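# Have a look at this prediction, sequence included:
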Amino acid sequence: MQTQLAPQFINTPEGVEAARILGKCVHCGFCTATCPTYQLLGDELDGPRGRIYLIKQMAEGQKPTEKTRLHLDRCLTCRNCESTCPSGVQYGKLIDIGRQWAEENTPERPLGQRLTRWALKEGLTKPALFNSAMALGRLVRPLMPSGIQRKIPKHKNKAHAPSTNPHARPSNAHARKMLILEGCVQPGMLPNINSATARVLDALKVQLVSAPNATCCGALRFHLNHQAGGLDNAKQNIDAWWPLVEQGVEAIVMTASGCGVMVKDYGHLLAGDPQYASKAKKISELTKDIAEILPDLQTELLELIGSDPKPGVVYHPPCTLQHGQQIRGKVEGLLTSIGIGVRLCTDSHLCCGSAGTYSVTQPELSEQLRKNKLAHLHTACEEFDADVIVSGNIGCITHLQSDDKPVMHWIEIVDQLISQPKAR
C-alpha cells in the first residue's frame, strides 16, 4: 500500500514508521476473518483492513472525525490480525500511531469519557491508590454491578490453594537470580500469582527479586493515547532495574503477559532516545514470560512433581501471549510434561474482551466477547471433565471469573503441586 505522507508527517518518527507499516499491507483481507470486532459488528471499518485505510487517510493529510476515533477506539489491540497476516503488517504499532493522530486532531471527548480515561490512567497505575480503592471496593462489593464485582476478588488474602498464604514468599538466597515486575494491579487483586511464582522458582533454586522503585509497565497509559506518560513509566522501570541488571540478573520475569508484551517493546519505543536506547534494548532482551522460563527448568520441575497423571485444566491463552509475544504451546507443553492434561476451547485464538481497559471503555462489546469465550470454555470443561480454567494474564483472569468455574493463573497450579508430596 503506497502512502504519500502529508507534509506534517514527513521525516517524523511516527510518519516514517506508519508509512513503512502501511507499505506492507496488500489489502488481502485475511485479517478480517480473525478480528473479534469485525465478527461482532460486520463493519469493514471495525476490522483491521478498514482501520488501516483510516490511518492511511490521516497519514496523507485527511482530517479524522469523531467516527474515525470511534472505529480506532473499538479495536481491542489483540493483534490476532498480526498472527493471521501473510505480509507481516505490524498492526499493533500502527494502531497506536493512528490513535494518537486521531486524538490530537478531533474535538475533545465528552466529559464522561475524559473522566473515565483519566481515572484509568491515574488510578490503575498507582499501586497505593489502587490498593486503597480495592479495599473500599471489597466493602461495598455486594452493592456493585456484576461486571464490577467480577474484578474485585472477595478477599485480598484468598488463594485458590486454601493452605497457601498469598503473601508468603521465600527468603532463601540462591546463586541464580531473576527480577520480577510486580505489576500495578496484580499485587492488590490477586497477590498469590507473584508469590506462587517466587515459591516455584525458589524450589528450582532461583531467587526472585524485585525493585522497589519500579512502576506500571506503561501499557495502560500508552494504549489510552498518553504515549508520553507510558514512556515515562518505561524510563522509571529501566532506572529501577538497571542496578540489578548490572549485578547480573538472568531475566526479568513477567507473570502478566499484558505487561510482558509492553516491556519487550521498550527497545523499539525508546530506540530514538539517546539516554535510554541501549538500556531499553537490553531490558527487552532480558524480559521473559514465566512460560518461557520454566521449560528450561523442566528436568528439575519433573524431579519435584513427577509426570504421573493429574487433574486436567482448560487453558485460555491470552492474546498478549499468543499474538503480541507470538508464544504458543509453551504453557500447554510444560503442563502436559508434568502430567496435567490441557484442553483449548473452540476459537481459542479469539480475545476474551478484557484487553487492558477495554472492558471499561467499550463495555458492551467486551461483554459480548466475554459471554462467547465463557460459553466455549465451559463447554471444553464439560467435554474434558476439567474443574479449573487457567490463563496467564491478570486481565483475562479477572474478566472471565464466573460462579461456575474458577479461573486462575497456571503458575498457581504448579505451586500447589510443588507444595504437595510427590506421589511415588
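That came through, no problem.
# quick one: Met254 from Pro318, how far?
Per C-beta to C-beta, to the nearest Å, Met254 is found 11 Å from Pro318. Any C-beta I mention is one placed from the backbone N, CA and C, and that applies to glycine too.
# check which helix or strand covers Ala168.
According to DSSP states H and E, Ala168 maps onto no helix or strand at all.
# Enumerate every residue touching it.
Ala168 makes contact with Ser195, Arg199, according to C-beta atoms under 8 Å, 6 or more residues apart in numbering.
# ok, residues contacting the helix or strand containing Leu301?
If you go by DSSP H and E, Leu301 is part of helix 298-305. Helix 298-305 has contacts (C-beta under 8 Å, 6+ apart) with Ala203, Leu204, Lys205, Leu294, Leu334, Ser337, Ile338, Gly339, Val414, Leu417, Ile418, Lys422.
# what do you get for stretch 107-120?
Glu66, Leu220, Leu224, Thr357, Val360, Thr361.
# Adding neighbour count, write the contacts of helix 298-305 out as JSON lines.
Shown next, in JSON lines, are these (neighbours: other C-beta atoms under 10 Å):
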{"residue": "Ala203", "neighbour count": "19"}
{"residue": "Leu204", "neighbour count": "20"}
{"residue": "Lys205", "neighbour count": "12"}
{"residue": "Leu294", "neighbour count": "25"}
{"residue": "Leu334", "neighbour count": "21"}
{"residue": "Ser337", "neighbour count": "16"}
{"residue": "Ile338", "neighbour count": "20"}
{"residue": "Gly339", "neighbour count": "17"}
{"residue": "Val414", "neighbour count": "24"}
{"residue": "Leu417", "neighbour count": "19"}
{"residue": "Ile418", "neighbour count": "18"}
{"residue": "Lys422", "neighbour count": "12"}
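# In those, find the pair that's most separated.
By the measure C-beta to C-beta, Lys205 and Gly339 form the most distant pair in the contacts of helix 298-305, at 21.9 Å.
# Drop anything exposed from the contacts of stretch 107-120.
Leu220, Leu224, Thr357, Val360, Thr361 (16 or more other C-beta atoms under 10 Å).
# Can you lay out those as TSV showing pLDDT, secondary structure and distance to Asp289?
Converted to TSV, the buried ones among the contacts of stretch 107-120 look like this (pLDDT from 0 to 100; DSSP: H, G, I helix; E, B strand; the rest coil; distance: C-beta to C-beta, whole Å):
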residue	pLDDT	secondary structure	distance to Asp289
Leu220	90	helix	19
Leu224	90	coil	23
Thr357	90	coil	21
Val360	89	helix	25
Thr361	92	helix	26
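# Need those in TSV (columns: distance to Thr287).
Listed next are the buried ones among the contacts of stretch 107-120 as TSV, based on distance: C-beta to C-beta, whole Å:
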residue	distance to Thr287
Leu220	18
Leu224	22
Thr357	22
Val360	27
Thr361	27
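# ok, of those residues, which one's closest to Leu269?
Leu220 (14.5 Å).
# Can you give me every residue that contacts the closest one?
Leu120, Lys121, Leu124, Thr125, Cys184, Gly230, Gly356, Thr357.
# Try it again at 10 Å.
Leu220 makes contact with 120-125, 184-185, 226, 229-230, 233, 258-259, 262, 356-357 under the criterion C-beta atoms under 10 Å, 6 or more residues apart in numbering.
# Could you do His323 as well?
34, 77-84, 91-92, 261, 317, 349, 351.
# what are the ranges of the helices in the stretch 151-300 of the chain?
186-189, 192-203, 219-223, 227-246, 257-263, 266-269, 277-286, 290-293, 298-305 (DSSP state H, counting those that start in this stretch).
# so what does whichever helix or strand comes after the helix holding Leu301 touch, helix or strand wise?
Next in sequence after helix 298-305, counting helices and strands by DSSP H and E, comes strand 310-315. When contacts are defined as 3 or more C-beta pairs under 10 Å, 6 or more residues apart in numbering; DSSP states H and E, strand 310-315 sits against helix 330-337, strand 340-344, helix 363-384, strand 389-391, helix 410-419.
# Try it again at 6 Å.
Other elements packing on strand 310-315 under the criterion 3 or more C-beta pairs under 6 Å, 6 or more residues apart in numbering; DSSP states H and E are strand 340-344, helix 363-384, strand 389-391.
# roughly how far apart are Tyr266 and Gly230?
Applying C-beta to C-beta to Tyr266 and Gly230 gives a distance of 10 Å.
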